[in-house]
Every structure is written in C-alpha cells, then in structure tokens.
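Chemist: Fold the stuff below for me.
(2 chains)
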Number of protein chains: 2
Amino acid sequence: MQKYQNFYEEYVPKIEYTMDQALLKLAAPTCLLEAMRYSVNAGGKRLRPIMTLAIYQAFGGEINEDIIQIACAVELIHTYSLIHDDLPAMDNDDFRRGKLTNHKKFGEAQAILAGDGLLTLAFSWIAESKIDDTSKIKLMTSLAHNAGPIGMVGGQVSDMLGNELNYSHEQLVAVHNLKTGALISYAALAGGILAQVSEDIEQELKMFGLNYGLAFQIEDDILDVNDSVDVEKNTYPHLLGMVGAQKELATIINQTQQSLTTIASMQSFDYELVAGLLSYFERKND
Amino acid sequence: MQKYQNFYEEYVPKIEYTMDQALLKLAAPTCLLEAMRYSVNAGGKRLRPIMTLAIYQAFGGEINEDIIQIACAVELIHTYSLIHDDLPAMDNDDFRRGKLTNHKKFGEAQAILAGDGLLTLAFSWIAESKIDDTSKIKLMTSLAHNAGPIGMVGGQVSDMLGNELNYSHEQLVAVHNLKTGALISYAALAGGILAQVSEDIEQELKMFGLNYGLAFQIEDDILDVNDSVDVEKNTYPHLLGMVGAQKELATIINQTQQSLTTIASMQSFDYELVAGLLSYFERKND
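Modeler: You can find the predicted model right below:
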C-alpha cells in the first residue's frame, strides 16, 4: 500500500508533465491546443496510465520518458471521451471536476474537434514511440479495439439506450465492461505488452482490468446512492439493493486479487505494488 | 484515362462492398452500427481509397481483400469528419449527398458517437490487417499525423477561425493543405507504403497528394462561384479573382503531373493509370 502510494506520488506529476510537454510541442492551431490542454490538464486520478506503469514496473520494466508517453495515450482517449460525453447532445454537463466543461469554455465546435484531436493523437503517441514494432502493433490493435465501436464507444451507445430500457444483471455487466472496463482492461494489458509478458499473462491482465473497471463502476453507483436519495435505474443498487451491490463489489475485488495471485504464480511480479491499485476501493469503503 | 476509368469502375463497388461487410461483422450495438453504415454507405467518389489502390497497383502491387480494407481506413476517417462537420455546432447541415445528415437521421448524440467509432475503427482496419509490421506502423503513424491536430483536425479549426479572419494566399494554402490536403496526401502515400517504395518516392507521393488536395479545393471554390452569386471570403476566387483562381488551378495540376513524371523516372510505374486520377479536374473544366 505504501509502496503504491509512493509510486503514485512519484508518477502522477511525471504523467501530467509528459502529457503537457508533448501537447506544447504540437504545431497545432493555438485555440485547438488550448482546448485540448484545458481538459488534459484538468486533473483526475490518472488511474489508467498509472495502472500501465505500475504493472510494467511490477514485471521489472524500467520506466523512461518514452514509456510514460505511451502509457498516456489511454489518458488522451479517456479525456476525449469525457469531452464528448459532456456535450449538450450527450450528458449536457456544465462542470467537471469543479471547472467549466470544454464546450462551456471553448464552445461546442471547438470541444468536438478537441475530442477528435485527442483521440487521433493517442495513436500518434504509440506509433511514434521508440519501442519495438511488435509491441507497438499489439498496443494499437488493442487500443483501437477497446476504445472503438465494440469497446468504449459501443458501451456509451448502450448506456445511452439504457435510459429507455431496464437492463438485466448480465446486460448491465456487459454495458459496464464496454463503457468503463474496456479502457481499464487496455491499460492493464498495456503494462504487460510493454514488459513483453506471455499470452497467458496478457489474458489474466485483461481480466484484472475488466474486473477492476466493474468494481470501479459498482463503487461509483454505491457512492451516488450515498450522496442522494434517488436510486437510478440501470445501477447495481437498483438491481441488487445496497447490500447486494456491496456484496457484488467485494466479490469482484476478490477476483482482481485472484488475478494478481495467478500472475505472481506465473512470473516474477511485484504483487504489492499492483495490489496497491486496489487501495482506491479500500479507502472509500472504510 | 480509359485505363483509370476501368479501374475506377472495377474498384468502387469492391471498396463499398468491403467496407460494408467489415462493418456488418462488428459486434457493436445495432443502432451504432446502423448510424455508421448509413454514412459509410452514403456514396461519394471514394477518391481516397481509389487513389491508394491505383498508386499501389501502378507500382506493381497486387490488390487483394486485405489491401482493399487497409485502403478503406482513410475513407472511414473522411466519413467521420463529414458526420462531425455536419453537426449543428459546426456547419449545421440537414442534407448531404441528397440524404439526411447523420444527426438528422439518428440524433446528435448517436452522430457524435458514430463519428468517434469510425475514427477509432480506421486504426483497427490497419492494425488488424495481414501486411508486414513495418508497413503497418508507417501507415498508422502517417494516418494519425495527417488526420489529427497537426493535420485534418487542425485544418478544420483554422477553417472555422477563418470565418472571422481574412487569410492571405499563403495562409489559405496552409489551411487547405491541412483540411483537405493532409488526408489525400496520406491516401497517396499509403499506396506507396503498401508497395514498399523508397523514401524519395514517398516524399514525391506526399507532394502529389497535397497538390491534388489543393487543386480539389480550388476547383470546389470555382464551382461554388459558378453556382451562385456570392464570392465567399477565404476562397481562391475571392483572393485571386476567377481568372487568377483558374490560373492557379492549372499551375497546381501541372505540379501533380510533374510529381508523377518524377516518380516514373525513379521506378517502373504505371503513369497512365495514376494520371487518370486527374480526370476529375478535366471533366469539370470542359
């Protein structure tokens, strides 16, 4: 836990510095650059790049600037998805993390294009990195797959449709696996790809990421209920009740721990560092 | 000219078939798939994939299904850019090619996500293809570069800013090079990358594509003037007058032909086939 905390405190500033420096180097129109930087620099937990880097280091990988920038590609995708999600036609949010949303600050047209720009740039950051060709292609294949129509974008559409439907437990898991799990699963896998682990371990990392994303979503649903009176439909508390949702969360967290145990049994692996990622759940459930 | 015409008539149906089959195979939510297919299947000249395939074949490359799907990645990018361009916050168009625009048909949220999905999918189509790793990475590096913040997306922002500015000739060329030229330049380069040409030829193909894009834009400006009374600012006729714009068009077309002559002097190359791409300009200037 302390090990992870130290890692987190060391690398979040490096992640943020690397992203902003890379953006500043772009010869893009000033106002586009400003809109992209605004959202990229708007804070957040940086969970996805931290996960990639922690897993990479847990397998003995040596983190350098190139690796950090690769790990940040998924954060660009996450950021673009928040910008587009906030648009009037989607969630119509005026504020995010206490700041005006991108379209409130820069106008809708600019916000749409800032999102498009970040999404495209994510692929540049991997394609133009210094790692070997095979790893690059694995990363880009997986990122495009997990972020696209059969990944995150598909999940967003299903989530939107959910406003008019009542999902079963199975359907809800499927939607969350796409909308939240796919990108986190990519982040976990990316750490393994960079460390050149075996295919078996890649599979286990994907599962770890998917379950982590699901836990993340259940936690979010539970906190929403704690914060307000309404229990929204297509959430775990609505579907399973609060006790059921908490039990489900515990089960899923247990599965992520099992994935890490399995991985540690297959290859030398800093279990403690990566298990620290689960502290996110422990803190809030205290 | 006849050679190109035959090529065009053979490959446009194959391009359209390949794209639709690949989309139909996606396990994406039905409504997302429908929105993506609607715009991909909405017609158009298919200039960009045709250019890639003609150049590839001109260098002796053998076209197969895999190559066609790779060539279509740029058409997905072109299609997503049209969907987002048409949105109310951007050009606010209700019709495109005689059909309702994507957001008029499916709603804004769905249209934004269909665009995001197509943009992401373009990288999948290259990443998951069967060609060698080096060519894949070259294609993805160049596509992300030319479609992103320092390519097409940057050009769209500059074009939008132009509504409030008067651009110089040089600035107008720079904006068009990004907004239109970048993607066509990629399409030309992609044919060369697939045929594994030398770096010198790659450079010449990029120039060919950029100039082709510029000619395309000047032609478009001229036709707009012929169709209506207004001469919009930040167009060639506004900047150079109609005669000046036509002279500029002729000069640029000449430069594209010179690129092809240079290429033919460097490597065995079916000049006639690729020169046929220029018939687009001849027809309309008759």
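
Chemist: Every contact and neighbour count from this point should use C-alpha atoms.
Modeler: Noted.

Chemist: The longest helix seen in chain A - contacts with which helices or strands?
Modeler: Longest among the helix segments of chain A by residue count, using DSSP state H, is helix A:236-266. Secondary-structure packing of helix A:236-266 (3 or more Cα pairs under 8 Å, 6 or more residues apart in numbering or on different chains; DSSP states H and E): helix A:199-227, helix A:271-275.

Chemist: out of those helices, which comes closest to residue B:168?
Modeler: Among those, helix A:199-227 comes nearest to residue B:168, with 50.6 Å by Cα to Cα.

Chemist: how close does residue A:153 sit to chain B?
Modeler: Distance of residue A:153 to chain B, given as Cα to the nearest Cα, to the nearest Å: 6 Å.

Chemist: Test my guess that that residue contacts residue B:116.
Modeler: Yes: using Cα atoms under 8 Å, residue A:153 is in contact with residue B:116, at 7.2 Å.

Chemist: Count residues in the vicinity of the closest residue to residue A:33 other than its chain neighbours, would you?
Modeler: The spatially closest residue to residue A:33, leaving aside those adjacent along the chain, is residue A:23, at 7.2 Å (Cα to Cα, 6 or more residues apart in numbering or on different chains). Using other Cα atoms under 10 Å in any protein chain shown, residue A:23 has 19 neighbouring residues.

Chemist: thinking again about what came up before, tell me which of the helices and strands packed on helix A:236-266 is the most buried.
Modeler: Among the helices and strands packed on helix A:236-266, ranked by average contacts under mean count of other Cα atoms under 10 Å in any protein chain shown, first place goes to helix A:199-227 (a mean of 20).

Chemist: how big is the angle separating it from helix A:236-266?
Modeler: Relative orientation of helix A:199-227 versus helix A:236-266 (axes from the mean of the first three to the mean of the last three Cα atoms, to 10 degrees): 150 degrees.

Chemist: how distant is helix A:199-227 from the center of its chain?
Modeler: 10 Å (Cα atoms, centre = their mean, to the nearest Å).

Chemist: Who are the packing partners of it?
Modeler: Using 3+ Cα pairs under 8 Å, 6+ apart, helix A:199-227 sits against helix A:169-176, helix A:182-194, helix A:236-266.

Chemist: and the first one, anywhere near chain B?
Modeler: No: among the residues of helix A:169-176, none lie within reach of chain B under Cα under 8 Å from any Cα of the partner chain; the closest is 10.2 Å away.

Chemist: Might you calculate how far that helix sits from the centre of the chain?
Modeler: Counting by Cα atoms, centre = their mean, helix A:169-176 comes out at 18 Å from the chain centroid.

Chemist: Tell me the buried residues in it?
Modeler: Buried residues in helix A:169-176, counting neighbours by 16 or more other Cα atoms under 10 Å in any protein chain shown, are found at A:172, A:173, A:174, A:175, A:176.

Chemist: Residue A:212 is in contact with the last one, correct?
Modeler: This points to residue A:176. No: checked against Cα under 8 Å, the pair residue A:176 and residue A:212 is beyond contact range at 10.9 Å.

Chemist: and stretch A:152-159, how far out from the chain's middle?
Modeler: For stretch A:152-159, the distance to the chain centre is 15 Å (Cα atoms, centre = their mean).

Chemist: Repeat that for stretch A:8-15.
Modeler: With Cα atoms, centre = their mean as the basis, stretch A:8-15 stands 16 Å off its chain's centre.

Chemist: do stretch A:91-98 as well
Modeler: 19 Å.

Chemist: Quote the end-to-end distance of it.
Modeler: 16 Å (Cα to Cα, to the nearest Å).

Chemist: ok, is it in contact with chain B or not?
Modeler: No: Stretch A:91-98 lies out of reach of chain B by Cα under 8 Å from any Cα, never closer than 9.2 Å.

Chemist: That stretch: which residues count as buried?
Modeler: Those would be A:93, A:94, A:96, for stretch A:91-98 by 16+ other Cα under 10 Å.

Chemist: Quick check: phi and psi at residue A:100.
Modeler: phi -60, psi 140 (degrees, to the nearest 10).

Chemist: Wait, it touches residue A:87, no?
Modeler: No: contact criterion Cα under 8 Å: residue A:100 and residue A:87 do not qualify, at 11.7 Å.

Chemist: Those two: which has the busier surroundings?
Modeler: Set residue A:100 next to residue A:87 and count neighbours by other Cα under 10 Å: residue A:87 wins out with 23 against 16.

Chemist: Phi, psi for the more buried one please.
Modeler: The phi/psi pair for residue A:87 (degrees, to the nearest 10) is phi -60, psi 150.

Chemist: Next, the contact list for residue A:92, please.
Modeler: A:85, A:86 (Cα atoms under 8 Å, 6 or more residues apart in numbering or on different chains).

Chemist: Repeat that for residue A:250.
Modeler: So residue A:250 contacts nothing (Cα under 8 Å, 6+ apart).

Chemist: Quick check: the gap between it and chain B.
Modeler: Separation of residue A:250 from chain B (Cα to the nearest Cα): 30 Å.

Chemist: And the nearest residue to residue A:264 once chain neighbours are set aside, what's its pLDDT?
Modeler: Using Cα to Cα, 6+ apart and skipping residues adjacent in sequence, the residue nearest residue A:264 is residue A:271, 6.5 Å away. Residue A:271 carries a pLDDT score of 97 in this model.

Chemist: For residue A:271, give its distance to chain B.
Modeler: 32 Å.

Chemist: what's the answer for residue A:142, then?
Modeler: 8 Å.

Chemist: tally of neighbours for that residue?
Modeler: Residue A:142 has 23 nearby residues by other Cα under 10 Å.

Chemist: gap between the helix or strand hosting it and the chain center?
Modeler: Using DSSP states H and E, residue A:142 sits within helix A:133-147. Relative to its parent chain, helix A:133-147 has a centroid offset of 15 Å by Cα atoms, centre = their mean.

Chemist: Residue A:162: what secondary structure?
Modeler: helix (DSSP: H, G, I helix; E, B strand; the rest coil).
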